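S.K.: I would like to see how this sequence folds:
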Amino acid sequence: MDAEIRELQPGEAALAAAALLELRPAFGDEATLAGRAEAQRAGGYRIVAVFEPGERVAAAAAGFRVSENLPWGRHLYVDDLSTRARSRGKGHGARLMSWLTEAARREGCAELHLDSGVVPERESAHRLYFGHRMRISAYHFSRDLS
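M.R.: Predicted coordinates for the structure are as follows:
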């Protein structure tokens, strides 16, 4: 039996929280992260998740949004993409990237975008992105205002 991939409905963010928390540990716990993810739905945030057979909690998840702006036109932006440590190496990230690419096409998007930190721990993620024909197209600049 294959893993199931599906978009989560409002109120289901807790199912993806364990996977997303591995990427965003600053939220501290699954309940806090799930609450934040649900709150972001008002701004268009959506979640797609992969479930291994017999599992209720997602093995991997991606948070994304469809938006439109001047530089990219209509696009799908991936905010978060993460696989739980115990589920890595099973192709879940690749399945999510394929699903996101097809979702972007269904939504009439001209482009798919994501940002990824440049640290050694992200090298396997970068290989995944390059394998899905993504390229480094810009520097992303930020400034902490606290």
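
S.K.: going along the chain, name the helices of this structure.
M.R.: 17-23, 30-40, 92-106, 123-131 (DSSP state H).

S.K.: from the chain's centroid, how far away is the second one?
M.R.: Spelled out, that is helix 30-40. Computed by C-alpha atoms, centre = their mean, to the nearest Å, the chain-centroid distance of helix 30-40 equals 14 Å.

S.K.: just the first one next, same as before
M.R.: Going by C-alpha atoms, centre = their mean, the spacing between the C-alpha centre of helix 17-23 and its chain's C-alpha centre is 10 Å.

S.K.: which parts of that helix are buried?
M.R.: Using 16 or more other C-beta atoms under 10 Å as the test for burial, helix 17-23 gives 17, 18, 19, 20, 21, 23. For glycine as for every other residue, the C-beta is placed from the backbone atoms N, C-alpha and C.

S.K.: show me what that helix packs onto, helices and strands only.
M.R.: Packing contacts for helix 17-23, counted by 3 or more C-beta pairs under 8 Å, 6 or more residues apart in numbering; DSSP states H and E, involve helix 30-40, strand 60-69, strand 73-83.

S.K.: against residue 101, how distant is the residue nearest the centre of the chain?
M.R.: The centroid of the chain falls nearest to residue 62 when counting by C-alpha atoms, centre = their mean (2.3 Å). From residue 62 across to residue 101, the span is 11 Å (C-beta to C-beta, to the nearest Å).

S.K.: state the distance from residue 130 to residue 136.
M.R.: 9 Å.

S.K.: one more: residue 107?
M.R.: Residue 107 is 24 Å from residue 136, by C-beta to C-beta.

S.K.: cool, and residue 145?
M.R.: 26 Å.

S.K.: those two - which one has more neighbours?
M.R.: residue 136 (10 against 4; other C-beta atoms under 10 Å).

S.K.: sorry, back to before: including distance to residue 50 and mean pLDDT, could the helices and strands packed on helix 17-23 go into JSON lines?
M.R.: Listed next are these as JSON lines, based on distance: least, C-beta to C-beta, whole Å; pLDDT from 0 to 100:
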{"stretch": "helix 30-40", "distance to residue 50": "16", "mean pLDDT": "97"}
{"stretch": "strand 60-69", "distance to residue 50": "4", "mean pLDDT": "98"}
{"stretch": "strand 73-83", "distance to residue 50": "8", "mean pLDDT": "97"}
